[in-house]
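*Asks:* Sequence and predicted structure below; questions after.
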Amino acid sequence: MAVKDFRSGDALEGAVLLLRKFEVRNAKNNSTYADMTLADKSGEIAAKYWDLPEDKRAFEIGQPVRINAAVELYREKPQLRITDLTIPDKGEVDMSGLVDCAPYPPQTMYDEIVAAVSGIGNKDIRKITLAILDESKDKLMYYPAGKSFHHAIRSGLLYHTYTMMLAARAMCGIYDNLDSGLLYAGVALHDIGKLDELNGEESGVAESYSMEGKLLGHISIGVKKVHETGLMLGSDPESMILLEHMILSHHFEPEYGSPVKPMFPEAEMLHHLDLIDSRMDQFRKTEEETPEKGFSDNVWILDKRNVYNHAMKTEDN
């Protein structure tokens, strides 16, 4: 049963929800209780765990929890009275029911990206990129690509990188002046700094930026990561600079964080692939939220344009 369908009188046994808030407080009678917010992808609901046991006072925000509870009304709104709260095994939880997730398994996407990078001919670029991917793997499994826009879903950063890699392969088959290895490495690493820019939870939600993210931004963080990894591996300096330039220039404009514009074809292609992929994701998301044959409100990330949902994909050709 989804949160939006909870009604007063419902009894929940073993329901798995996402923990969005958990605060231990003292009641007027000096007993201890937990003031909570639980959620799935359909919505949120307030919850109270009265007479909180000692062993139920340390839970991490963003983790799935298994509950037994009764649905009650409080100020005319449904609220949960929790009677038991545990942490389920990771293998038992279907995250797609709790948050929006990428449409492909994270491990599958990661393996495809690594396979493309493993075929890079330049050994320095290949080693730098594989080393960073390996170091970043755990976070890549769940990190979003943004807070609210641009693949802001569980495994969204990996999904964004994966679809860009598919597009990069196609473009390399059209434009024979592109060095595929350099482009693949740029795709794999262009947003890697977001793993440190955002405070991401294992649920795939990022509600804030880190101190490093606010002061440096993901472009500078990514360049730093490439430089440090290259030095550690004893890489060719020019190979390091080429990768650093791709990260630095992929937003193109200074107001969007790029201090330089692309100065070789792979960097130019990376910029356009990134722009296309982020905009197509926003078009998809906006179409899903817009009635058929209707227009959306102004979409900020699409330069405040309205999106028209023509719904042609639902019609016979």
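*Replies:* Perfect, thanks for sending it.

*Asks:* Give the full set of residues in contact with Leu140.
*Replies:* Taking C-beta atoms under 8 Å, 6 or more residues apart in numbering as the criterion, Leu140 is in contact with Pro106, Tyr110, Leu133, Ser155, Leu157, Leu158, Leu195. From N, CA and C alone the C-beta is placed, and that goes for glycine too.

*Asks:* With Pro106 instead?
*Replies:* Contacts for Pro106 were tallied using C-beta under 8 Å, 6+ apart; they are Leu140, Met141, Tyr142, Ser155, Leu158.

*Asks:* Now do the second one against Asp5, distance only.
*Replies:* This means Met141. 30 Å (C-beta to C-beta, to the nearest Å).

*Asks:* Looking at those two, which has the bigger crowd around it?
*Replies:* Met141 (18 against 10; other C-beta atoms under 10 Å).

*Asks:* Quick check: closest non-adjacent residue to Arg20.
*Replies:* Leaving out its chain neighbours, the residue that sits closest to Arg20 by C-beta to C-beta, 6 or more residues apart in numbering is Thr37, at 4.3 Å.

*Asks:* surely the one you found meets Lys21?
*Replies:* Yes. Here Thr37 lies in contact with Lys21, judged by C-beta atoms under 8 Å, at a distance of 3.7 Å.

*Asks:* ok, these two, which is more surrounded?
*Replies:* More crowded of Thr37 and Lys21, by other C-beta under 10 Å: Thr37, with 17 against 14.

*Asks:* Name the residues that touch the strand or helix carrying the more buried one?
*Replies:* Using DSSP states H and E, Thr37 sits within strand 32-40. With contact meaning C-beta under 8 Å, 6+ apart, strand 32-40 is reached by 2-3, 17-27, 44-52, 56-57, 65, 67, 80, 82, 85, 97-99.

*Asks:* next one: it to chain centre, how far?
*Replies:* Chain-centre distance of strand 32-40: 24 Å, with C-alpha atoms, centre = their mean, to the nearest Å.

*Asks:* Would you mind listing the buried residues in the following helix or strand past that strand?
*Replies:* Going down the chain from strand 32-40, the next helix or strand is strand 43-49, by DSSP H and E. Buried positions in strand 43-49, judged by neighbour count with 16 or more other C-beta atoms under 10 Å: Ile45, Ala47, Lys48, Tyr49.

*Asks:* mind listing what Glu202 touches?
*Replies:* Gly62, Gln63, Tyr142.

*Asks:* Please disregard the earlier target; I meant Ile82.
*Replies:* Contact analysis of Ile82 by C-beta under 8 Å, 6+ apart lists Ala34, Met36, Ala47, Lys48, Tyr49, Trp50, Ile67, Asn68, Ala69.
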